[in-house]
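What would the 3D arrangement of this be:
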Amino acid sequence: FYFQKKRHGSNKQNNNIPNHEQEELEDQLDTNLRSTASQKAHVLNNIGVVYELKGLYTNAMNSFRDALDVYRNQNHEGGHVDRTVSNIMQMGIAMRSHDKRMELHCEAEELAVQTATADAGVVSTQLRMERLNVLMCVLDLETESLGQDHPAVGFTLLEKGGVHLEMKHVDMAIKDTKDAVSILKKGLGGIHPEVGLVLVRLADIFNYHVGVGGQYGDGVSNKDVALSLYREALTPLRESFGTVHPHLGLAYNGIGILYSSRGELKHAMSSFYDALASYGVRSRSDNEMAVKKRGQQNSSTSRPDVFFVWVNVAGLHMEKKEWQLALRSYLKAHSAFSCLDDDEKTYLQKIGPRRLMRHALTLSKGRSFSFEDNDTLLASVLQNIGKAQSMLHQYGKAIETLEEALRIHQVVAMRAGAGKKHANSSLSQDMARILENLGEVQMISGDLTGAFSRYVESLNLIRANKQHADNDSNSIEEALVLGAIGQLHLKKSEYAEAKVVLKECMRMFEKIGVPPNNHKINEIRSCLVDSELALMQNATATLAGQRREISSIPYNDKALAIDEIADGYKFKGDYCGAIWFYSEALAIRRRRAEHKLSSGGRKDTSEIVDVGRTISNIAQLRRERREFGAAKILFDEAKILFRSVGLSSSHPFYRDLVQEIEVMRKM
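Model prediction:
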């Protein structure tokens, strides 16, 4: 009526408008009216679906009938009218089957409660099978009475997929969840919040469960699928809840974790800060507990998640060696943790493994973090704070923080009791690691006596824990602590003690199978060489008050002096020790040759020949240890070096090399 009235009123002022333009205007207005009516009918249909989902069938029937009246008043034909008529007819069937469907759903819920309280094993498996059978009966009834694309069918499929996931039927869980997504998109629309939540659920399955029991490709491709699903979920979640909501923060955090696992740290960091914004932390300078301002309804689930996101942010900064930002983020996480109540901490234990980026919180090396104890979790945060403080040269604060973490572990160990050997084993590893960190900080700050005490405590815990811990990881920890103790002896000019401890460390590394070019091995080997050279010059050994006569002639060429030590090990039959020293001499000669070339000097033939001879010496030792593959590679490298400087086949060094190769061929 409004458009018609407006049109008639304007005719008095627009008598000069041509007839064809007036007809076009009338047609356009008529089209707009029809479009508006159609949109109203669509809305009425959707309202009917919502009423139906809530069980308000009378209201749903009235909405469907109102939609049908609008369609018919506008002379609509075809799909919209047919679909609305089908809704009305389906509603009658749904009303008749409602009681039976509700009865079956209640039975499925009762079985779920029984499963949660039953012991893991045959009984729980039987209960889950019964629940699956009930849910399949519900699906048959809902498909018949509501239609196969009804949202209720999607929600039942989602529940059925959850049962399959509990039973490790990952492939079936994925199928049911995918079908649920498809149905909910059709029935509720692509931007409905339930669609976003189900997409996150499907992403979680690909992220955490595929590979456990399904038939879905390799881990990398599954992570890509999960990332795509998390990103797809953002739109319906954002459109439904706005930019600040825990569900949106959860999706962003999942995206950040996946990006970090792919090494895309920039995208990961951006996603984590988006997650913080979604939890109500609007900028990096805001307090993380701003989430409280959004009311009590979401705070209980948001604050534990805020804690984990800050830990993830801090872990990325640590990986990028951004120590100040890492410290700030760990302090934010510590603040968030301090604000949690008991219920939130219990929730935190449940969600932890899926909210936390790998290695963002780790204590003993090579061991994943456990969320069974909140105090241990707090101690882990403190340990990382201490590490960041030490990297910023805040040694006093770092020592205080690490000592607090150590005290927490000691209390937890006493509380655990002597009967829980496995728990005490894990705690011992954690305490040993913290003591090692304390020793490192004290050594850097110049407190060598305190550092030595901490390292010895750590070593004793590691050795006492050998029977419970994994041998390889425990041995690596032991070797690292031995190396640190040896370096301490060297700093204190206790060269004989340093030599003994560092040799033990090197032998442990070799026994474990650490590659000979590992940076830590190179560092320990250099310290061992310095100890031997110092003993050579001082002719004094403090070990057990003994003295021994060693050449006191000062060396002008460090590599030659190291060769002399290596020769001594070789003549005693200690081929392993000889290899260490020849390798150190080789590293010195290589650096010297590279330095001359990089500084614009000419290629030093004698230096390259010395490199080749040292390589040949190492190859001979490898041969004697029957490591023929490694020996052959080294002999070939020495031969190439000799040829590169024009050494003739009649040269004594070249002839010696050929003879050594021939000896190996005959072995």
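
buried stuff in the helix or strand N133 falls within?
Secondary structure from DSSP states H and E places N133 in helix 122-146. Using 16 or more other CB atoms under 10 Å as the test for burial, helix 122-146 gives 124, 127-128, 131-132, 134-135, 138-139, 141-142, 145-146. From N, CA and C alone the C-beta is placed, and that goes for glycine too.

and what of stretch 341-352?
For stretch 341-352, the neighbour count (16+ other CB under 10 Å) marks 344-345, 347-348, 352 as buried.

export it as CSV, just CAs?
Coordinates of each C-alpha in stretch 341-352 appear next as CSV, following Å, rounded to 0.1, in the frame of the first residue of the first chain:
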residue,chain,number,x,y,z
ASP,A,341,39.8,-21.4,41.4
ASP,A,342,39.8,-25.2,42.2
ASP,A,343,37.1,-26.0,39.6
GLU,A,344,39.0,-24.1,36.9
LYS,A,345,42.2,-25.9,37.7
THR,A,346,40.4,-29.2,37.4
TYR,A,347,39.1,-28.1,34.0
LEU,A,348,42.6,-27.0,33.1
GLN,A,349,43.9,-30.6,33.7
LYS,A,350,41.3,-32.0,31.3
ILE,A,351,41.8,-29.6,28.5
GLY,A,352,45.6,-29.1,28.8
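
Just name whatever secondary elements the helix or strand harbouring Q537 is in contact with.
Using DSSP H and E, Q537 sits within helix 519-538. Judged by 3 or more CB pairs under 8 Å, 6 or more residues apart in numbering; DSSP states H and E, helix 519-538 is in contact with helix 471-491, helix 495-512, helix 558-571, helix 575-598.

Dump the ones you listed into a markdown table; add mean neighbour count, distance to V411 and mean pLDDT as well.
Rendered in a markdown table, the data for the helices and strands packed on helix 519-538 read as follows (neighbours: other CB atoms under 10 Å; distance: least, CB to CB, whole Å; pLDDT from 0 to 100):
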| stretch | mean neighbour count | distance to V411 | mean pLDDT |
| --- | --- | --- | --- |
| helix 471-491 | 21 | 23 | 86 |
| helix 495-512 | 20 | 32 | 90 |
| helix 558-571 | 19 | 48 | 89 |
| helix 575-598 | 19 | 43 | 89 |
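
Now render those as CSV, adding distance to D604.
Output for the helices and strands packed on helix 519-538, formatted as CSV (distance: least, CB to CB, whole Å):
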stretch, distance to D604
helix 471-491, 31
helix 495-512, 30
helix 558-571, 13
helix 575-598, 5
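
just to revisit the earlier point, of the buried residues of helix 122-146, just say which sits nearest to R262.
Taking CB to CB as the measure, R262 lies nearest R128 of those, at 34.9 Å.

pLDDT score for the closest one?
pLDDT, R128: 92.

For A116, see how far away it is.
For R128, the distance to A116 equals 11 Å [CB to CB, to the nearest Å].

Give the full set of residues in contact with H247.
Contact partners of H247, counting by CB atoms under 8 Å, 6 or more residues apart in numbering, are 193, 196-197, 200, 237, 241.

Quick check, R262 in contact with K223.
Yes. Look at R262 against K223 with CB atoms under 8 Å: they come within range, at 7.3 Å.

and those two? which has more neighbours close in?
Shown here are R262 and K223; by other CB atoms under 10 Å, K223 has more neighbours (18 against 13).

give me the element that one is part of.
If you go by DSSP H and E, K223 is part of helix 219-241.

which other helices and strands contact that helix?
Partner elements for helix 219-241 (3+ CB pairs under 8 Å, 6+ apart): helix 193-204, helix 246-261.

neighbouring contacts of it?
Helix 219-241 has contacts (CB under 8 Å, 6+ apart) with 190-193, 195-197, 199-200, 202-204, 206-207, 210-211, 216, 245, 247-248, 251-252, 254-255, 258-259, 261-262.

Drop anything exposed from those residues.
For the contacts of helix 219-241, buried by 16+ other CB under 10 Å: 192, 195-197, 199-200, 202-204, 206-207, 210, 216, 245, 247-248, 251-252, 254-255, 258-259, 261.
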